[in-house]
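S.K.: Prediction below, plus the sequence it came from.
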Amino acid sequence: MPFTLALTASPATAQTQTIPSPQLSLRANDVLRLLQGAEIEAEVFDENFRNAVPPARFRALVQQVSAQQGQPLAISSIDPRNANSAILKVRYEKSIGTVHIDLENDPPHRISGLQLTGFEGAGDSIADVMAAIDALPGRQGVLIRQLDTPDHPPLAALDPDGSYAIASAVKLYILAELDRSIQVGERQWSDVVQLGPKSHPSGISQNWPDGSPVTLHTLATLMISISDNSATDTLIRIIGQDKLSQIVTATGHHNPDELRPLLMTRQASALKMPVHAERREQYLSAGPAEREQLLTEFDSALTLDSLDSRILTHRPNFIDQLEWFATPADVVRLLDYLRRNASEESRTILAINPGIGQDAAGKWSYFGYKGGSEPGVLSFNFLLQSKAGKNYAVSVSWNNEEISLQESELLALTTRLVNLLAEQ
């Protein structure tokens with residue numbers, strides 16, 4: 001999610017201008033001074049802004065950003081929208097920040113709105129960013145392919161055939177099978193089913209009444225756009241393990257048995273709990289067919305009541321054994337399958353949440369995204385079409401079995417990758 005420094009108090013006029021006005025150039029320099037800690041709020045912010053964001057609160061937010069991104073060094077660019085509105089790029093020690101700025105229409109053109117909406121890595125090339133990803137602690141896998149030229153070498157690759165925990169990115173397989181079943185007439189988006197079994201957050205449907213009637217379209221939208229776990233587990237129940245196994249194979253997973261059975265989110269989390277240690281040992285020592293049978297036997301015991309949120313959120317926990325696994329190459333093949341076969345409805349669902357912010361998404365004609373995270377696991381995956389009509393898939397995974405990961409680090413680097421790709 002983008003970090004918002006402050007809310008915009010006055011909207012910009014819908015107009016584009018290429019050369020910054022004198023007041024924008026002046027106030028851009030003031031923005032840099034503010035971000036560097038200068039206490040000039042009274043002279044550069046208008047009264048409404050200071051009332052909404054008092055100087056003490058603003059300075060605390062600035063310090064929070066600097067602690068994460070290093071000190072701001074310079075204004076890299078000013079992209080005017082009109083004489084009193086622009087998007088600034090601010091170079092920090094560790095990244096590049098995107099800042100939206102609005103000024104009063106009349107002199108002295110004080111700042112009426114300021115939003116720091118996100119960060120990208122500071123590398124000047126894809127190779128620079130790949131090197132920075134490779135330097136992160138743990139294991140990293142990256143693959144970037146232009147899908148229109150599948151026989152060509154990848155645009156970038158880092159351990160593309162290594163198997164990684166991908167967390168909620170596995171939900172792309174569920175979407176692929178649901179979409180297939182609808183296209184061949186086995187189901188309809190408007191089919192109504194009962195919600196359940198319930199899971200833990202992320203999501204919202206865990207708070208809905210048990211057995212709520214919901215459409216398949218609603219479940220798919222929740223599963224992809226906000227990674228709703230209860231919607232996901234409902235779809236796994238509706239679709240069934242046989243069909244899910246078939247789509248994992250059809251989309252080119254290098255070892256489909258790694259996702260057979262495809263665990264419900266509740267089941268995966270519950271099996272990590274100390275209270276289920278014996279069941280966990282049985283499950284992990286079994287083969288795919290026996291695991292499926294064991295899940296059926298264990299399911300009534302793998303309850304939400306048995307989950308300890310401290311264990312789930314504190315540190316990595318069995319991420320090398322109780323997770324959903326795929327290589328970056330597997331995920332790119334899955335994304336390409338969706339590009340070639342998915343309905344317009346599924347493509348629209350994939351584009352609801354861009355994951356890394358609207359500034360990056362706006363550089364593309366189509367921007368589909370699904371990510372995944374838990375302690376020790378991050379996965380960012382994109383299906384993209386450039387404004388020139390070229391199609392790309394990007395898969396980035398980061399695993400560390402020992403420590404929780406700094407999502408902001410990989411998010412900034414991945415944003416930079418996607419932006420550099422858009423410039424090609």
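M.R.: Yep, that arrived. Keep in mind that this is a model prediction, so the values were computed, not measured.
S.K.: So residue 323: helix, strand or coil?
M.R.: Following DSSP: H, G, I helix; E, B strand; the rest coil, the label given to residue 323 is coil.
S.K.: Phi, psi for it please.
M.R.: Residue 323 adopts backbone torsions of phi -160, psi -170, taken as degrees, to the nearest 10.
S.K.: Not counting sequence-adjacent ones, nearest residue to it?
M.R.: Counting by Cβ to Cβ, 6 or more residues apart in numbering, the nearest residue to residue 323 once its immediate chain neighbours are dropped is residue 165, at 3.7 Å. To be clear about C-beta, it is placed using only N, CA and C from the backbone, and glycine gets the same treatment.
S.K.: In contact with that neighbour, which residues?
M.R.: Residues counted as contacts of residue 165 (Cβ atoms under 8 Å, 6 or more residues apart in numbering) are 319-320, 323-325, 374, 376-377, 379, 397, 399.
S.K.: same thing but 6 Å
M.R.: Listed by Cβ atoms under 6 Å, 6 or more residues apart in numbering, the contact partners of residue 165 are 319, 323, 377, 399.
S.K.: Look up the residues forming beta bridges with the third one.
M.R.: Using DSSP bridges, the beta-bridge partners of residue 377 come out as residue 374, residue 399.
S.K.: How about residue 136: what's its closest non-neighbour residue?
M.R.: Using Cβ to Cβ, 6+ apart and skipping residues adjacent in sequence, the residue nearest residue 136 is residue 398, 6.1 Å away.
S.K.: Quick check: the one you found vs residue 243, distance?
M.R.: Per Cβ to Cβ, to the nearest Å, residue 398 is found 30 Å from residue 243.
S.K.: Who has more neighbours out of the two?
M.R.: Under the criterion of other Cβ atoms under 10 Å, the comparison of residue 398 against residue 243 puts residue 398 first, with 27 against 16.
S.K.: wait, residue 160 sits on residue 331?
M.R.: No - using Cβ atoms under 6 Å as the test, residue 160 is too far from residue 331 to be in contact (9.7 Å).
S.K.: need the strands for the stretch 301-424 of the chain, in chain order.
M.R.: Assignment of strands within the stretch 301-424 of the chain using DSSP state E, counting those that start in this stretch yields the ranges 325-326, 366-374, 377-385, 391-399.
S.K.: can you list those in JSON lines and add distance to residue 256 and mean pLDDT?
M.R.: As requested, the strands of the stretch 301-424 of the chain are arranged in JSON lines below (distance: least, Cβ to Cβ, whole Å; pLDDT from 0 to 100):
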{"stretch": "strand 325-326", "distance to residue 256": "10", "mean pLDDT": "98"}
{"stretch": "strand 366-374", "distance to residue 256": "19", "mean pLDDT": "98"}
{"stretch": "strand 377-385", "distance to residue 256": "19", "mean pLDDT": "98"}
{"stretch": "strand 391-399", "distance to residue 256": "18", "mean pLDDT": "98"}
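S.K.: Show me the one of the ones you listed that comes nearest residue 303.
M.R.: Proximity to residue 303 (Cβ to Cβ) singles out strand 366-374 among the strands of the stretch 301-424 of the chain, at 19.6 Å.
S.K.: Can you pull the domain assignment for the protein?
M.R.: Listed domain ranges for the chain are 22-121, 125-424 (source: automatic domain parsing).
S.K.: Comparing these, which yields the minimum mean pLDDT?
M.R.: Ranked by mean pLDDT, these end with domain 22-121 at the bottom, a mean of 93.
S.K.: And that domain, how far out from the chain middle?
M.R.: Distance of domain 22-121 from its chain centroid, counting by Cα atoms, centre = their mean, to the nearest Å, is 26 Å.
S.K.: distance between the ends of it?
M.R.: Distance across domain 22-121, first residue to last, is 29 Å (Cα to Cα, to the nearest Å).
S.K.: can you check stretch 147-164 too?
M.R.: By Cα to Cα, one end of stretch 147-164 lies 22 Å from the other end.
S.K.: Next, residue 130: secondary structure please.
M.R.: Judged by three-state DSSP, the three-state class of residue 130 is helix.
S.K.: Is it correct that it is in contact with residue 156?
M.R.: Yes - between residue 130 and residue 156 there is a contact at 5.4 Å, judged by Cβ under 6 Å.
S.K.: From residue 139, how far off is the residue nearest to residue 136?
M.R.: Using Cβ to Cβ, residue 398 is found at 7 Å from residue 139.
S.K.: List the single closest residue to the residue lying farthest from the centre of the chain in space, sequence neighbours excluded.
M.R.: Within the chain, the residue lying farthest from the chain centre (Cα atoms, centre = their mean) is residue 107, at 41.1 Å. Leaving aside its sequence neighbours, residue 107 sits nearest to residue 23 (Cβ to Cβ, 6+ apart; 7.8 Å).
S.K.: still on that earlier bit, looking at the sheet around the residue nearest to residue 323, what are its partners?
M.R.: Following DSSP bridges, residue 165 is listed with bridge partners residue 325.
S.K.: So the nearest residue in space to residue 292 that is not next to it in sequence, which state does it fall into?
M.R.: Once flanking residues are discounted, residue 292 sits nearest to residue 261: 4.4 Å by Cβ to Cβ, 6+ apart. Assigned state for residue 261: coil (three-state reduction, three-state DSSP).
S.K.: tell me the contacts of residue 261?
M.R.: By Cβ under 6 Å, 6+ apart, the contact set of residue 261 is 241, 291-292, 295.
S.K.: Tell me which of the residues you listed fall in helices.
M.R.: 241, 291-292, 295 (DSSP state H).
S.K.: quick revisit: so which two of the contacts of residue 261 are the farthest from each other?
M.R.: Across the contacts of residue 261, the longest distance by Cβ to Cβ is 10.0 Å; it joins 241 and 291.
S.K.: Check the spacing between residue 252 and residue 340 real quick.
M.R.: From residue 252 over to residue 340 (counting by Cβ to Cβ), the distance is 12 Å.
S.K.: what does residue 58 give?
M.R.: 49 Å.
S.K.: between those two, who's got more neighbours?
M.R.: Neighbour comparison, residue 58 and residue 340: the larger count goes to residue 58, with 20 against 9 (by other Cβ under 10 Å).
S.K.: Which of the helices or strands spans that one?
M.R.: Secondary structure from DSSP states H and E places residue 58 in helix 55-69.
S.K.: which residues in the stretch 301-424 of the chain form helices?
M.R.: Counting by DSSP state H, counting those that start in this stretch, the stretch 301-424 of the chain has helices at residues 309-314, 328-341, 344-350, 358-361, 407-422.
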